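Engineer: Need a 3D model of the following:
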Amino acid sequence: MMNWIRSNRGFLVFLLLFGLFRTAVADWNPIPSGSMRPNLLEGDVVFVNRLAYDLKLPLTDIILARTGEPQRGDIITFSSPRDGTRLIKRVIGLPGDMVEMRDERLFINGQEAQYAALGSVQEPLGHGASTQALRLTEKIGQESHRIQWLEGIAAMDNFGPLRIPADQFLMLGDNRDNSADSRYIGLVPRRLLIGHAVRILVSADILGNWSPRFGRFGLSLD
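Structural biologist: Below is the predicted model of the structure:
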């Protein structure tokens, strides 16, 4: 065994450094579900900048230094405060914000988000089922992104008003009626943030024939 380790020392060092790089600097995150449709699709693999907000001790949630502040609209990977599962959602509520949802419409600090319909599509639900989805732009202040509402799907479309405490964030999926987000798992402490998802690296149609979606390769998420 020792002879094998000595003869493969360079490769083992590479694996160690690569592992540390992935846990402290940059990572990638496959998208397994439709909670971020229409912006992220099942089969997308996104690049995650782990240094966007915090420098952490590798393999831990211990923050050594703050490197930036999450902004409303950022797509972030994080560990679920409920069970530790890695999730990816959009930052909607920042520390100090008063957030409320009324019939799916957001109110931030008393101001209603602006919505504009983009059209309707048939949206897959899995196991061959589908439903009608209304796609919209949601504008909060100067930040704007696409979301969708699903017809006939029961979801938590009313909550708050809720004041976001210091160092916590309210995360929502863009697929508002099919997302296990802060409405269900609670607010996300800063120490559980993993990184900022900034770009789609590669993509494949995992719900179909696994063919590459070349048009999504390198697509920016900003």
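Engineer: L57 reaches R191, doesn't it?
Structural biologist: No - with contact defined as Cβ atoms under 8 Å, L57 does not reach R191; the gap is 11.1 Å. Placement of C-beta: from N, CA and C, glycine included.
Engineer: Comparing those two, which shows the higher neighbour count?
Structural biologist: Each of L57 and R191 has its neighbours counted (other Cβ atoms under 10 Å); R191 has more, 16 against 11.
Engineer: Ramachandran angles for that one?
Structural biologist: Phi and psi for R191, reported as degrees, to the nearest 10, are phi -60, psi -20.
Engineer: I am assuming it contacts T60, so please confirm or correct that.
Structural biologist: No - R191 is beyond contact range of T60, at 9.4 Å (criterion: Cβ under 8 Å).
Engineer: Neighbouring strands - and their directions - for the host helix or strand of V46?
Structural biologist: Using DSSP states H and E, the element containing V46 is strand 44-49. Strand 44-49 pairs in its sheet with strand 26-30 (antiparallel), strand 193-203 (antiparallel), by DSSP bridges.
Engineer: State the distance from the nearest residue to Q168 once chain neighbours are set aside to S80.
Structural biologist: In space, Q168 comes closest to L187 once its chain neighbours are excluded; the distance is 4.3 Å by Cβ to Cβ, 6 or more residues apart in numbering. Note on L187: its distance to S80, by Cβ to Cβ, to the nearest Å, is 11 Å.
Engineer: for A197, same thing?
Structural biologist: Distance from A197 to S80, counting by Cβ to Cβ: 16 Å.
Engineer: Of those two, which one has the most company?
Structural biologist: Using other Cβ under 10 Å as the criterion, A197 and S80 rank with A197 on top: 27 against 18.
Engineer: Report the beta-bridge partner residues of the more buried one.
Structural biologist: Judged by DSSP bridges, the bridge partners of A197 are V48.
Engineer: Could you do E143 as well?
Structural biologist: When assigned by DSSP bridges, E143 has beta-bridge partners I140.
Engineer: Quick check, it in contact with R90.
Structural biologist: No - E143 lies out of contact with R90 (Cβ under 8 Å); the separation is 9.7 Å.
Engineer: Look at the two and report which has more neighbours.
Structural biologist: Each of E143 and R90 has its neighbours counted (other Cβ under 10 Å); R90 has more, 25 against 15.
Engineer: For this protein, which helix or strand comes out least confident on mean pLDDT?
Structural biologist: helix 9-24 (a mean of 45; mean pLDDT, DSSP states H and E).
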